[in-house]
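[1] predicted model and sequence follow; I will ask about them next.
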Amino acid sequence: MSLLDVRDLAVSYDARPAVQGISFTVEPGEVVAVVGESGSGKTTTAHSIIGLLPPNATLDGGRILLGDSDLATWSTRRMESIRGAQIGLIPQDPSNSLNPVKTVGAQIGEVLRIHKRGDRRTISRRVVNLLTRVGLPDPETRARQYPHELSGGMRQRVLIAIAIALEPRLVIADEPTSALDVTVQRRILDLIDDLRAEFGTAVLLVTHDLGIAANRSDRLIVMKDGRIEEQGPSGQVLSDPRAAYTGQLLRDAPALSVREFRAVEQTPEEPTAEPAIVVHNLVKEFRVGRRPFRAVDGVSFEVRPGTTHALVGESGSGKTTTARMVVRFAEPTSGTVTIAGAGTVAAPGTAAGVGTVAGAGAVAGGRAARDFRRHVQLVYQNPYSSLDPRQSIAAIVEEPLRNFRLGDRAARRRRVRDLMERVALPESLLDRRPRELSGGQRQRVAIARALAVDPGVVVLDEAVSALDVTVQAQILDLLEELQRDLGLTYLFISHDLAVVRQISHTVSVMNKGRIVEFGTTQRVFTDPRHDYTRELLAAIPEPVR
Amino acid sequence: MKVLSWLTIALVVLWAVVPALFTGYDPLAGVPAEKLRPPSLEHLFGTDAVGRDLFARVVHGSVHSLSGAFVAVAVGLLAGTLLGLLAGSTGGLLDDAVMRVADVLLSVPGLLLALTVIILLGPGTVNVAIAVGIGSVAAFARLARSEVVRVRRSDYVEAAFGSGGRFPAVLWRHVLPNSLGPIIALAALQFGVAILAISTLGFLGYGAEPPTPEWGLLISEGRNYLATSWWLTTLPGVVVVAVVLAASRISRSIGRDRT
């Protein structure tokens, strides 16, 4: 008999259907991955199994059989006896899933106390055991620490310890690693695998990342718009997808589709051409208390015109700070950034010769700083926050033209239409507000705005990281096309090696504020020379390496 | 409730604009023979000690109270928002200076502050309005600053600078419109508060001169007849309370819509 048997489950939010009659089973000791894009109903499915749907959701029908009991008919009170004991949950975001005013030990102990497993002494012993089991060094100290004293990966381990504390038969992992760096991600997934092997716990892994699903699951369920498009053994679904949607997902997932490397030699520019971006010995120090902290520590690289250079690294590696200094939203402590045609920026107070623009007032200030903006544009990670919610799309795209007083009103209108066409958005969107657009459409608007003043260099700060894979693939295609047509130079900031492999010509790998490896994408991916690069590459799924 | 509040405000505004539609009596000329009549169909709010129709006086008085409140809110809103916008967007020394002055102003009771300003400016309807307005500058400035600081940090403001926007243009196009929601809600609330404050100052004798039918003054004049003629204080008082409640209700609904 199956451990979990979901039949014809249907859930709706305020009468809008989110899950429409899905059926699947989870066998004991098996890992079943539920994949889908945002809005596909995968998280709703997971939450309805453990009875944690938000108040505006209703269970419209279907049965959730855990063994012999139908959880769909159970009261909240009765569900409480099962949560933790029979079904464990590993939540998505480790940074806000723990209570900040309680020690880690107390929070793990809580689940044992609620289900009355032993007295205080045995509970605290068990807490230390659990922390050891999930691989936290020095567990006695950790138990007395508060969540803010732990890193993201350590917090996720604590959440796993809570989920497995009562050795449940089923663990639901809702995007357990999407908030974590790739190397940490791999260790957490390894840990979940180990625990499954040790306790025979079944895992329902909810994820948007096909790469993870492919590598870590026995069976795969592909969801779209609240329905199951396809399910079956992972290997079979991946090698021979039957649903058209699955095929598309596989093609779009950068982690699974092997494309040709983009070679620098193919670019039309002469090898002797002046580099579009030269970053020389860039340093940024922040003051944390009394000690200065070097976020960027002597970074140098060059980017040839018409190519894409990627800065790869994990959170805290200094890649975003570097990008912000390149676009002059931050002042370097020392070092220079030279953009072809836009002059050099040096640290304030250093003599850097003719054509130097002091970093001071870079954000608001002078003529030269404003001129610089015509050459370099930035596209942000989050298209939900980078567009003014009160402006129409037309006004947003037109803004750079108004700022630089380019053309009269009619000419600007025409230019806005052209730009919308360039980024493949229908003109009918011009009167809309950002909130009426999808994430992908918003990111296209942000790109159109960046292109409005014909910049030579576009800095993309995690510009596709917040998007679903199919949308991500479309935006990456758009970026490639724009680069071909307009000869743009990209500085591409990303933590996602699979995406970087696809879009960039050259790569700098950053770790702790330094560039540890630089080279063509092909060389870095096929023949990594630095240990850290090897570790990063080991963390991404097989086909890409 | 929301509809009722808007209706109340609309009615009072109509009183101020076309008082003749609502009452046929002259607010200033009294008929001595009909003094101190209790409310009846003929005199809705009764009559006062010199035989003037109280309802006519309330209706004609609304223009003084409303315009006073309007000026007070305008002074507070404009000066406060401007100061808050400057403080929040430039930061540094100016920010500290403006906010410390605002702290001092907020620590003094509003009525005391208004009285101090009146002593300096001298009594009169406009002066009272300005005094009440100055009393609310600090509250507006503080709220505006907090909103501006929030909006100022957002990606789209940085993006606006990134696309070549100058400081004043970005403030006007992005920061101000996105900070305005809570400020408008506070303005609606302050409208009610200002009516109350102006009436209070009128009651104390700093506002309009008798026989001008200003609401606070009406209540004050009725005080001498509290024991015998309850309507002289109660009915104008009820009108003031209704308007203040309606304004605060509207303020709450604006605040909720915006967030």
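    Structure received.
[2] so which elements touch the one helix or strand B:Leu232 maps to?
    B:Leu232 belongs to helix B:231-258 when elements are defined using DSSP states H and E. Packing partners of helix B:231-258 (3 or more C-beta pairs under 8 Å, 6 or more residues apart in numbering or on different chains; DSSP states H and E): helix B:2-17, helix B:54-90, helix B:176-204, helix B:215-222. To be clear about C-beta, it is placed using only N, CA and C from the backbone, and glycine gets the same treatment.
[3] change it to 6 Å
    With contacts taken as 3 or more C-beta pairs under 6 Å, 6 or more residues apart in numbering or on different chains; DSSP states H and E, helix B:231-258 sits against helix B:2-17, helix B:176-204, helix B:215-222.
[4] would JSON lines of the ones you listed with mean pLDDT be doable?
    Rendered in JSON lines, the data for the helices and strands packed on helix B:231-258 read as follows (pLDDT from 0 to 100):
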{"stretch": "helix B:2-17", "mean pLDDT": "90"}
{"stretch": "helix B:176-204", "mean pLDDT": "88"}
{"stretch": "helix B:215-222", "mean pLDDT": "85"}
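[5] which one of those lies nearest to chain A?
    Proximity of those to chain A was assessed by C-beta to the nearest C-beta; the nearest stretch is helix B:176-204, lying at 5.0 Å.
[6] any buried residues in that closest one, and which?
    B:176, B:178-183, B:185-204 (16 or more other C-beta atoms under 10 Å in any protein chain shown).
[7] what angle separates it from helix B:215-222?
    Computed by axes from the mean of the first three to the mean of the last three C-alpha atoms, to 10 degrees, the angle separating helix B:176-204 from helix B:215-222 equals 20 degrees.
[8] what residues does the stretch 301-450 of chain A have near chain B?
    Selection of the stretch 301-450 of chain A residues close to chain B by C-beta under 6 Å from any C-beta of the partner chain yields A:363-364, A:370, A:373, A:378, A:380, A:385-388, A:390, A:399-400, A:403-404.
[9] closest one of those residues to B:Gly24?
    Minimum distance to B:Gly24 across these is 48.3 Å, recorded for A:Arg390 (C-beta to C-beta).
[10] check which helix or strand covers that closest one.
    A:Arg390 is located outside every helix and strand, with elements delineated by DSSP H and E.
[11] ok, now which ones touch it?
    Residues near A:Arg390 by C-beta atoms under 6 Å, 6 or more residues apart in numbering or on different chains: B:Pro177, B:Asn178.
[12] for the stretch 351-500 of chain A, give me the ranges with low pLDDT.
    Counting by pLDDT under 70, the stretch 351-500 of chain A has low-confidence residues at A:351-367.
[13] which stretches of it form helices?
    Along the stretch 351-500 of chain A, counting by DSSP state H, counting those that start in this stretch, helices occupy A:367-372, A:393-403, A:409-422, A:439-451, A:469-486, A:497-503.
[14] could you export the ones you listed as a markdown table, including distance to A:Arg523?
    Output for those, formatted as a markdown table (distance: least, C-beta to C-beta, whole Å):
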| stretch | distance to A:Arg523 |
| --- | --- |
| helix A:367-372 | 32 |
| helix A:393-403 | 37 |
| helix A:409-422 | 33 |
| helix A:439-451 | 29 |
| helix A:469-486 | 20 |
| helix A:497-503 | 12 |
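[15] quick one: contacts for A:Thr246?
    A:Thr246 neighbours (C-beta under 6 Å, 6+ apart): A:Val222, A:Glu230.
[16] doesn't it fall inside a helix?
    Yes - when classified by DSSP: H, G, I helix; E, B strand; the rest coil, A:Thr246 is found to be part of a helix.
[17] tell me how many other residues crowd the residue lying closest to A:Val464 once chain neighbours are set aside.
    Across the structure, with C-beta to C-beta, 6 or more residues apart in numbering or on different chains as the measure, the residue nearest A:Val464 apart from its sequence neighbours is A:Gln472 (4.5 Å). If you count neighbours by other C-beta atoms under 10 Å in any protein chain shown, A:Gln472 ends up with 24.
[18] that older thread, out of the helices of the stretch 351-500 of chain A, nearest to B:Ala208?
    Nearest of the helices of the stretch 351-500 of chain A (C-beta to C-beta): helix A:393-403, 46.8 Å.
[19] other residues contacting that closest one?
    If you take C-beta under 6 Å, 6+ apart as the criterion, helix A:393-403 is touched by A:387, A:412, A:416, A:419, A:429-430, A:432, A:445, A:448-449, A:452-453, B:163-165.
[20] A:Leu536: which of the helices and strands packed on helix B:231-258 is closest?
    Closest approach to A:Leu536 among those is made by helix B:176-204 (39.1 Å; C-beta to C-beta).
[21] any regions of chain A where pLDDT drops low?
    When the per-residue scores of chain A are filtered using pLDDT under 70, the ranges that remain are A:257-258, A:263-273, A:288, A:343-367, A:541-545.
[22] got the domain ranges for it?
    Following the assignment in automatic domain parsing, chain A carries domains at A:4-252, A:270-373+A:492-545.
[23] a markdown table for those domains, including distance to B:Leu143?
    Rendered in a markdown table, the data for the domains of chain A read as follows (distance: least, C-beta to C-beta, whole Å):
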| stretch | distance to B:Leu143 |
| --- | --- |
| domain A:4-252 | 28 |
| domain A:270-373+A:492-545 | 24 |
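[24] nearest to A:Glu110, of the helices and strands packed on helix B:231-258?
    Closest to A:Glu110 of those, according to C-beta to C-beta: helix B:176-204, at 38.1 Å.
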